[in-house]
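Trainee: Attaching a predicted model along with its sequence, questions to come.
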Number of protein chains: 2
Amino acid sequence: MTNRQIVIAELPTAALTPAHFNLIETPMPEPGDGELLLRVILMSIDAANRSWMKGATYRAAVNAGDPMPTYAICEVMTSHSPGFSPGDIVAAEATWSDHIIIPAHRVMKLPKIEPLSHHMSVYGIAGKTAYHGLMTIGQPMPGETVLVSAAAGSVGGYVGQIARAMGCRVVGIAGGPEKCAWVTETMGFDACLDYRDPGFGKALAAACPDGVDVYFDNVGGRILERALNLMNERGRVVCCGAISQYDTDNVTGPRNLPGVVVVKRLRMEGFIVTDHTRDDPRALRALRHWVNAGQIVVTEDIVEGLENAPHALIGLLSGDNKGKRMVRVSADPG
Amino acid sequence: MTNRQIVIAELPTAALTPAHFNLIETPMPEPGDGELLLRVILMSIDAANRSWMKGATYRAAVNAGDPMPTYAICEVMTSHSPGFSPGDIVAAEATWSDHIIIPAHRVMKLPKIEPLSHHMSVYGIAGKTAYHGLMTIGQPMPGETVLVSAAAGSVGGYVGQIARAMGCRVVGIAGGPEKCAWVTETMGFDACLDYRDPGFGKALAAACPDGVDVYFDNVGGRILERALNLMNERGRVVCCGAISQYDTDNVTGPRNLPGVVVVKRLRMEGFIVTDHTRDDPRALRALRHWVNAGQIVVTEDIVEGLENAPHALIGLLSGDNKGKRMVRVSADPG
């Protein structure tokens, strides 16, 4: 039996293409003492995958020859650790592979919810990122206006739905009229503006007649600049990502920084979801409440097949996903 | 008797010059009911004066024909209000003038300390801005590294001295070797780097071997960009001003924003000193303690004569001051 893996053929110096990846076959690995053999079921596809290819960030850089790291939901096939049995479902930092070997202390057992994909979306990094960033940094209050970029993305949709549940006016930004319609119709945003529209700036201002109190920034760049101009005094900018800048070196900073931060006394703060692990139980309880109450619609974008992971990532960077993107490597246990 | 005033002849569209101001003589004003006639003693000269000429900020814009507003220390000459007597020393939002009329409820009585200029520097907006920004937003801890731009300016010198008193390593940035030497020798900074030096970037990194935990930004622009690259995870950026951008429209934002804010989970926050008025008594108690203990050296840069206020402001914008700049319009009471 062999194992398939996708490794990095070459680090990109410009836009990412399929040629930067190789699908290789290796012998099926054997777990050692204290290790597990895992079958990968679902892999999270994130803009962060691309940023890891640009050098060390909050984790070590990924280099040519390495398999791409990924957060994954897996089933235990073989356990050489007393704490785990075949059939257990676990979350693991895996790689783009059919199977991996991992020390048992590095995985976390998950409850067997149906479908397992909800562990990746609303109860996973996407939902927790939305919750922690919005609630801890954004601190929305009823009646405030919350603006969310990448509203059709994995995190943005949950941010907007949580903010609506908190009693805020919620305005999204997405790419293209079809996505914008999906954001308002499926997820109940008060408005969603197409940043590719020539009239975008005026439409955005018109959609935020009372200004913006919280801007949840998933993109950086010119949209951040525009949002800063709409912020109210004492507004909060949740810096969650800079997807517009991951796949390019042609970066320009917002020209109104730091002037507008001083004049309006804004707070801009970055975070990553694991900074808030101690509050995960609170996040999960709130997310379950909103899902059960019908206030959060779970949106997922599942690409089938390990071999399609590079395309799934490249497409994500150009914004072709709607909701949390993941790759299904194998089926949920029956 | 006449009164002299400096009014704005024309709003600048590029760099500020003396031609943007007119010195005019008007009849000596007469206070009405509930009003005071004040003699202006000292006027604060601030980069903010320039930003008010660029449109509405946290205060209304200043327009052609208006006298330049200023924070001032004044003596009451005539009082038509029961709460004030001739000879009282007050702080007021005045204008660039020998005398002004103001409703009594808009001034604040000051204790008669010697010299009165200390109300403008260490116990005034400069010292309070340094205290509130550093302590509330920067939250320095012993052993951390605090970086301060415009270290020879009115606020920067106090920021650095407070941070030293808090047990931090303090690195300043200033323009020119003479100013840098003044910052380290007079105010005890651990190091001060000249941003005009071609080797500035390397020297700055070498002066911060453990990275930067708090950056007190008085300038924005390329120095902010460079400081962001030196920040440690969870670092705090106190956004106090953007003096490099007040006198130009050729602004470029820091190219590493917001990416570096996300990756390092930085917090950037703007403020103005009046946001923190309720904590002023605490600030003044701490500042008096440090002055009395010799941990803060009071630095002031006093320009003589109302007629020299435009030059004092233009010079400030090009960084020719050392310490808090003010204009003496008339003498302290004997």
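Mentor: Yep, it's here. Residues are numbered from 1 along each chain as shown, chains lettered A, B, ... in the order given.

Trainee: Could you chop chain A up by domain?
Mentor: Structurally, chain A divides into domains by automatic domain parsing as follows: A:2-119+A:299-328, A:125-292.

Trainee: Redo these as CSV? Include mean neighbour count, mean pLDDT and distance to chain B.
Mentor: Quick note: C-beta positions are derived from backbone N, CA and C, even for glycine. Shown next, in CSV, are these (neighbours: other C-beta atoms under 10 Å in any protein chain shown; pLDDT from 0 to 100; distance: least, C-beta to the nearest C-beta, whole Å):
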stretch, mean neighbour count, mean pLDDT, distance to chain B
domain A:2-119+A:299-328, 18, 94, 5
domain A:125-292, 21, 92, 3
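
Trainee: looking at these, which is closest to B:Cys180?
Mentor: domain A:125-292 (23.3 Å; C-beta to C-beta).

Trainee: surely A:Thr299 meets A:Ser121?
Mentor: Yes: using C-beta atoms under 8 Å, A:Thr299 is in contact with A:Ser121, at 7.1 Å.

Trainee: what do the two both touch?
Mentor: By C-beta atoms under 8 Å, 6 or more residues apart in numbering or on different chains, A:Thr299 and A:Ser121 have these common neighbours: A:323-324.

Trainee: list the contacts for the closest residue in space to A:Met231 that isn't next to it in sequence?
Mentor: Excluding the flanking residues, the one nearest A:Met231 by C-beta to C-beta, 6 or more residues apart in numbering or on different chains is A:Val212, at 5.2 Å. By C-beta under 8 Å, 6+ apart, the contact list for A:Val212 reads A:145-147, A:171, A:227, A:230-232, A:235.

Trainee: Let me see the ranges of the helices in the stretch 1-150 of chain A.
Mentor: Applying DSSP state H, counting those that start in this stretch to the stretch 1-150 of chain A gives helices spanning A:47-52, A:125-132.

Trainee: so which of those comes closest to B:Gly253?
Mentor: helix A:47-52 (19.6 Å).

Trainee: what residues does that closest one touch?
Mentor: The contact list for helix A:47-52 (C-beta under 8 Å, 6+ apart) reads A:16, A:57, A:59, A:61-62, A:68-70, A:241, A:243, A:246-247, A:313, A:316-317, B:263.

Trainee: picking that back up, the contacts of A:Val212 in strands, which ones?
Mentor: A:145-147, A:171, A:231-232, A:235 (DSSP state E).

Trainee: Which of the helices of the stretch 1-150 of chain A sits closest to A:Gly220?
Mentor: helix A:47-52 (11.0 Å).

Trainee: mind saving the C-alpha coords of that closest one as PDB?
Mentor: Presented in PDB, the C-alpha positions along helix A:47-52 are these (Å, rounded to 0.1, in the frame of the first residue of the first chain):
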ATOM      1  CA  ALA A  47      -5.200  31.800   2.800                       C
ATOM      2  CA  ALA A  48      -2.600  31.300   5.500                       C
ATOM      3  CA  ASN A  49      -1.300  28.300   3.500                       C
ATOM      4  CA  ARG A  50      -0.100  30.800   1.000                       C
ATOM      5  CA  SER A  51       1.500  33.100   3.600                       C
ATOM      6  CA  TRP A  52       3.500  30.200   5.100                       C
END
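
Trainee: Find the nearest non-adjacent residue to A:Pro333, please.
Mentor: Spatially, and ignoring its direct neighbours in sequence, A:Pro333 is nearest to A:Glu75 (5.9 Å; C-beta to C-beta, 6+ apart).

Trainee: For that neighbour, list each beta-bridge partner.
Mentor: Beta-bridge partners recorded for A:Glu75 (DSSP bridges): A:Arg39, A:Ile89.

Trainee: tell me the phi and psi of the residue nearest to A:Met231?
Mentor: phi -120, psi 130 (degrees, to the nearest 10).

Trainee: Output the contacts of A:Val212 in CSV; the columns should cover distance to B:Ala309.
Mentor: Below are the contacts of A:Val212 laid out as CSV (distance: C-beta to C-beta, whole Å):
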residue, distance to B:Ala309
A:Thr145, 42
A:Val146, 45
A:Leu147, 42
A:Val171, 45
A:Ala227, 38
A:Leu230, 36
A:Met231, 33
A:Asn232, 34
A:Gly235, 35
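
Trainee: which among those gets closest to A:His276?
Mentor: For the contacts of A:Val212, the residue nearest A:His276 by C-beta to C-beta is A:Val146; the value is 18.7 Å.

Trainee: my guess is that closest one meets A:Met135, correct?
Mentor: No: using C-beta under 8 Å, A:Val146 is not in contact with A:Met135; the gap is 11.4 Å.

Trainee: which of the contacts of helix A:47-52 lies closest to A:Ala206?
Mentor: Nearest to A:Ala206 among the contacts of helix A:47-52, with distances taken as C-beta to C-beta, is A:Ile243, at 25.3 Å.

Trainee: so what's the nearest residue in space to A:His276 that is not next to it in sequence up against?
Mentor: Nearest residue to A:His276, sequence neighbours excluded (C-beta to C-beta, 6+ apart): A:His132, at 4.0 Å. Contacts were defined as C-beta under 8 Å, 6+ apart; by that measure A:His132 touches A:271, A:273, A:275-276, A:279, A:283.

Trainee: Now go through the residues you listed and say which are in strands.
Mentor: Short answer: those have none in strands (DSSP E).

Trainee: wait, which of these is closest to B:Gly157?
Mentor: A:Phe271 (33.1 Å).

Trainee: check contacts around the residue lying closest to the closest one once chain neighbours are set aside.
Mentor: Of all residues not flanking A:Phe271 in the chain, B:Arg265 sits nearest, at 5.3 Å (C-beta to C-beta, 6+ apart). Going by C-beta under 8 Å, 6+ apart, B:Arg265 touches A:58, A:269-272, A:275, B:233-234.

Trainee: The nearest residue to A:Gly211 once chain neighbours are set aside: what's it in contact with?
Mentor: In space, and not counting its chain neighbours, A:Gly211 is closest to A:Asn232: 4.0 Å by C-beta to C-beta, 6+ apart. Going by C-beta under 8 Å, 6+ apart, A:Asn232 touches A:210-213, A:264.
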